[in-house]
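Engineer: using only what follows, build the 3D model:
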Amino acid sequence: MDPSQSPTLDLAERRLAWLDARQRVLAQNIANADTPGYRPRDLPDFARLLARQGGAGVDMARTDARHLGKAGTDRAVADRHLAEVAPNGNAVSLDVEAMRVADTDNAHALAIGLHRRWLGLFRTALGRGQ
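Structural biologist: As a prediction, the model looks like this:
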């Protein structure tokens, strides 16, 4: 078996690509924090993207039909949960964006760790060590 063709590695790589795209969208939100009328955007949940694309061979257990929600798009969409809007129409909250950036960074570290450990498993099986 070629370890680079593993569904687990494919899922980790797709997650990393989604996280990279999300980080770019969040950076645009922060860069436009003072732009009049700007509305923050975000990507739909990764789980929705996976559900829409069929999960690429990775089946997820669903104990309730509502758990994964309806399929979305992988393009940035306007944020519908705006807590505050400035008088100039700007709705970017730097606190909210900072939390999203931190969440994205943590998820990125997790996906990279999974990727490294999965490849390490194959190296160990081949007797090449870590």
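Engineer: quick check: which element contains the residue lying closest to Pro36 once chain neighbours are set aside?
Structural biologist: Distances taken as Cβ to Cβ, 6 or more residues apart in numbering put Asn88 closest to Pro36, at 4.0 Å, once the chain neighbours are dropped. Just so you know, the C-beta spots here come from the backbone N, C-alpha and C atoms, and that holds for glycine as well. Using DSSP states H and E, Asn88 sits in no helix or strand.
Engineer: what comes up buried for the longest helix belonging to the chain?
Structural biologist: Counting residues, the longest helix found in the chain (DSSP state H) is helix 94-125. Using 16 or more other Cβ atoms under 10 Å as the test for burial, helix 94-125 gives Val96, Glu97, Arg100, Val101, Thr104, Ala107, His108, Ala111, Leu114, His115, Leu119.
Engineer: just give me the closest of those residues to Glu13.
Structural biologist: Proximity of those to Glu13 was ranked by Cβ to Cβ; the top entry is His115 with 7.3 Å.
Engineer: now do the contacts for that closest one.
Structural biologist: Leu9, Ala12, Glu13, Leu16 (Cβ atoms under 8 Å, 6 or more residues apart in numbering).
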